[in-house]
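J.: Sequence plus the predicted model coming up.
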Amino acid sequence: MVFPVNNIGVTKGSNIPLEPQQPLHQQAQQQLAKLQIPSFAQYRGSNSAQLNIVEFGDYQCPFCEKFFQQNEPQILQDYINNGKAKFYFLDFQFLGPDSLTLGEGAWCANEQGKYYDYHDYIYSHQGQENSGWATPDKVKALAVDISGLDATKFNSCLDSKKYESRVQQLTQYGQSLGVSGTPTIFIGNDQKGYLSAVGAQPYDVFKQIIDKQRG
């Protein structure tokens, strides 16, 4: 699948962006960007919600884990579960081959309607970056504990590498939008454009942008 390339903030130089280091509080951006969410992307929230919160993340990224633990529950409570916004997680799997495997696993889980069950379970059981905790065999072992997931179907899907190109293309699409590290959060919609913030920042940083875009 070919994704549109936006000319705002395209990453230049190296083809492999570097993971940001904390602190990142100063990296909240007020730059409008155009973002087209792929039709296959899975979301949390109500279909009628007019605002989108889109995270580009790597399943190995410790700052993404921090965002998952500290910010995502608040965002779900304040905006997603009450129909004010939709939340999307899109792959920016760039930290190593295990990241690619983890991203493929998410889409294999999605075949069984378990995309966010997988997302939550992996971030709740994240290992040390590039330590070998997410080889294909270990991802299969993790997935066994996801409630309701058929392990045989999941394993077959993961072995087939059928979603390798999807994960790679989503990562490249993030680069075309100027993503240079994870997590990068885009907040907005087609009418208003999107504002972005980088890193596992204090919740108030995200709340301020969300409320601005809702206003």
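T.: Now that the structure is in, tell me what you want to look at. Numbering: from 1, shown residues only.

J.: How about stretch 131-147, which residues are buried there?
T.: Burial within stretch 131-147, assessed by neighbour count using 16 or more other Cβ atoms under 10 Å, is assigned to 133-134, 136, 139-140, 142-143, 146. For every residue, glycine as well, the C-beta is placed using N, CA and C.

J.: what residues does it touch?
T.: Contacting residues not belonging to stretch 131-147 are listed as 59-60, 98-99, 101-102, 105, 109, 114, 117-118, 121-122, 125-127, 149, 151, 154-155, 158-159 [Cβ atoms under 8 Å, 6 or more residues apart in numbering].

J.: Narrow those to just the buried residues.
T.: Applying 16+ other Cβ under 10 Å to the contacts of stretch 131-147, the neighbour count classes 59-60, 98-99, 101-102, 105, 109, 114, 117-118, 121-122, 126, 149, 154-155, 158 as buried.

J.: list the contacts for Asn71?
T.: For Asn71, the contact set (Cβ under 8 Å, 6+ apart) comprises 200-201, 203, 206.

J.: Could you tell me the per-residue confidence at the residue lying farthest from the centre of the chain?
T.: In the chain, Thr152 marks the outermost C-alpha relative to the chain mean, sitting 25.6 Å out by Cα atoms, centre = their mean. Per-residue confidence (pLDDT) for Thr152: 98.

J.: Low-confidence ranges, this structure, go.
T.: Where the chain drops to pLDDT under 70, the residues are 1-32.

J.: hey, where'd the strands end up in the chain?
T.: In the chain, strands defined by DSSP state E lie at 43-44, 51-57, 85-91, 184-189, 193-198, listed in chain order.

J.: Dump the C-alpha coordinates for the third one into CSV.
T.: In this case it means strand 85-91. Listed next in CSV are the C-alpha coordinates belonging to strand 85-91 (Å, rounded to 0.1, in the frame of the first residue of the first chain):
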residue,chain,number,x,y,z
ALA,A,85,-11.9,11.6,20.4
LYS,A,86,-10.5,8.5,18.7
PHE,A,87,-7.1,7.0,19.6
TYR,A,88,-4.9,5.3,17.0
PHE,A,89,-1.6,3.5,17.4
LEU,A,90,0.5,3.3,14.2
ASP,A,91,3.8,1.5,13.7
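
J.: Name the residues that touch it?
T.: The set of residues that contact strand 85-91 without belonging to it, under Cβ under 8 Å, 6+ apart, is 37-38, 41-47, 49-58, 72, 75-76, 79-80, 103, 106, 116, 119, 166-167, 170-171, 173-174, 210, 214.

J.: how about a cut-off of 7 Å?
T.: 37, 41, 43-45, 49, 51-57, 75-76, 79-80, 103, 119, 167, 170-171, 174, 210 (Cβ atoms under 7 Å, 6 or more residues apart in numbering).

J.: do stretch 182-195 as well
T.: Residues external to stretch 182-195 that are found in contact with it (Cβ under 7 Å, 6+ apart): 19, 29-35, 50-58, 61, 63-64, 67, 92, 196-200, 206, 209-210, 213.

J.: May I have the distance across that stretch, first residue to last?
T.: According to Cα to Cα, to the nearest Å, stretch 182-195 extends 15 Å from its N-terminal end residue to its C-terminal end residue.

J.: Report the buried residues of it.
T.: By 16+ other Cβ under 10 Å, the buried positions in stretch 182-195 come out as 182-189, 193-195.

J.: Show me which pair in those residues is furthest apart.
T.: Within the buried residues of stretch 182-195, two members stand farthest from each other by Cβ to Cβ: Thr182 and Asn189, at 22.3 Å.
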